[in-house]
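Colleague: Just need the structure, nothing else, for what follows:
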Amino acid sequence: MIVNRSVEQFAAAFRRTAACRSVRKVESSPLPIRRGTLRDSIPHASDARRSVCRVPFCDLGQRLAAGAGTDARADSKVSGPRVSIITPSYNQAQFLEATIRSVLDQDYANIEYIICDGGSTDGSVDIIRKYADRLSWWCSERDGGQSDAINKGMQRATGSIVGWLNSDDALLPGCISTVVAAFGEHPDAGLIFGGLEIIDEAGNGVGSFDSRPYTFANQLTHRMVIPQPSSFWRSDVARTVGPVRRDLHFTMDFEYWIRIGRRYPVVQIPATLAQFRVSRENKGTAQRGRWGPEFIRVLDDLYAESDLPEAVRALRARAYAGAFTHGAAWFVAAGDYAEARAWIRKAVSARAAIVTQSEWWHTALTAVLGRRGHDVGRRAKSMLSVARRHGKAE
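Modeller: Take a look at the predicted model:
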């Protein structure tokens, strides 16, 4: 397991060092995907399945909603900390039932499952009603978008461990038991995350999310990505850092992890915990060109803080260079190669040393050569990664 110190500790180390001196989906997606056999190469949570806790459905009348049922903690057979899972849902009936079953079929009993639907018209509500007696609370009403739905669920959550699962993703069997055990081993952790499988619309595995080891600096500078479906945090952490930002529609998790990582240790575990679905209906896939601007907005807001620790300020150039490169990759995925080239240039302007990173070269080559250059870019990225590892070995 890889444990990262909180930023406050990092800042203290930074200051001590300064005193002694007297003075970073499939081919069309920018997500890092490693191809190959999934279950043979990645540690997984247990495949064991047992019964789950059932919470009675309460009909609240006019509004399509399920109210509070019996408290699972009152059941003497339920042990272990309560885990709250929130699913924001909107018109993804094709995948919603698989998402719901992946939570309800977990081998951990003390789960509080909340679904916040934004007024779906595609049959999603019928699917939710089918499982209403096993949900702690649900609603179907117009909302302010995904972040608003997540916050609505988090406000009702009573578990000591919290996570959200989008309505086209899924938890792997044994995920919650693994997470609870990890928090037991790391009681000071603010957030714990594991590996992620990539699946297609039919649920077939197409790769795995290839993430570098976590450090706050790696996450802030886009050198690694914390996979959202595989991430869980303590409820007291949520109360401290506040709600998910409603003005962000694509990078709300990135910004949320920054807030947590600045204040609490983050633990990365080797188990693969969840599945991320790549589909044409996926919001991030359909609106790829909107990711980059939100990355920059997050950094603009962060670096506008007057009391930001010096250790975080020192990462400014690297953070912007990484954000421009990551944004360029999303423009490439959207087929907007001209905009991708502009963002690649912005990355260099932010920090010239970004050209030493394989991610920049992969994105730059693809942006310049277009679709025909995609394979060239992938090969170049692989070669540079091998060369970098070889250099470190020497």
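Colleague: For my notes, confirm Thr272 occurs in a strand.
Modeller: Yes: counting by DSSP: H, G, I helix; E, B strand; the rest coil, Thr272 is found in a strand.
Colleague: Which element, helix or strand, includes Gly195?
Modeller: Per DSSP states H and E: Gly195 is located in strand 191-199.
Colleague: strand partners of that strand, parallel vs antiparallel please.
Modeller: Partners of strand 191-199 in the sheet, by DSSP bridges, are strand 205-209 (antiparallel), strand 231-234 (antiparallel), strand 266-277 (parallel).
Colleague: That one: how far from the chain's middle?
Modeller: 8 Å (C-alpha atoms, centre = their mean, to the nearest Å).
Colleague: average pLDDT for it?
Modeller: Averaged across strand 191-199, pLDDT comes to 96.
Colleague: Stretch 142-150 too?
Modeller: 95.
Colleague: next one: stretch 348-366
Modeller: Stretch 348-366 carries an average pLDDT of 93.
Colleague: Ends of it, what's the gap?
Modeller: With C-alpha to C-alpha, to the nearest Å as the measure, stretch 348-366 spans 16 Å from end to end.
Colleague: do stretch 197-217 as well
Modeller: 24 Å.
Colleague: chain center to that stretch, what's the gap?
Modeller: Relative to its chain's centre, stretch 197-217 lies at 10 Å (C-alpha atoms, centre = their mean).
Colleague: can you check stretch 320-340 too?
Modeller: Counting by C-alpha atoms, centre = their mean, stretch 320-340 comes out at 19 Å from the chain centroid.
Colleague: Can you give me the buried ones in that stretch?
Modeller: By neighbour count on 16 or more other C-beta atoms under 10 Å, the buried set for stretch 320-340 is 320-334, 336-337, 339-340. No exception for glycine: its C-beta is placed from N, CA and C like everyone else's.
Colleague: Glu339 and Val355, how far apart?
Modeller: Glu339 sits 19 Å away from Val355, going by C-beta to C-beta, to the nearest Å.
Colleague: got it, and Gln219?
Modeller: From Gln219 to Val355 the distance is 21 Å (C-beta to C-beta).
Colleague: Among the two, which residue is more densely surrounded?
Modeller: It is Gln219, of Gln219 and Val355, that has more neighbours when counted by other C-beta atoms under 10 Å, with 23 against 13.
Colleague: looking at this, the more buried one is in a helix?
Modeller: Yes: according to three-state DSSP, Gln219 belongs to a helix.
Colleague: Now do the contacts for it.
Modeller: Counting by C-beta atoms under 8 Å, 6 or more residues apart in numbering, Gln219 touches Val225, Ile226, Trp257, Ile258, Gly261.
Colleague: Filter these down to the buried ones and express that as a ChimeraX selection.
Modeller: With 16+ other C-beta under 10 Å as the criterion, this ChimeraX line picks the buried residues out of those:
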select :225,226,257,258,261
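Colleague: Just give me the closest of the contacts of Gln219 to Arg316.
Modeller: Set against Arg316, the nearest of these by C-beta to C-beta is Ile258 (13.2 Å).
Colleague: mind giving me CSV with the strands paired with strand 191-199 and columns for mean pLDDT, mean neighbour count and distance to Leu299?
Modeller: Rendered in CSV, the data for those read as follows (pLDDT from 0 to 100; neighbours: other C-beta atoms under 10 Å; distance: least, C-beta to C-beta, whole Å):
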stretch, mean pLDDT, mean neighbour count, distance to Leu299
strand 205-209, 87, 21, 23
strand 231-234, 98, 23, 20
strand 266-277, 96, 23, 19
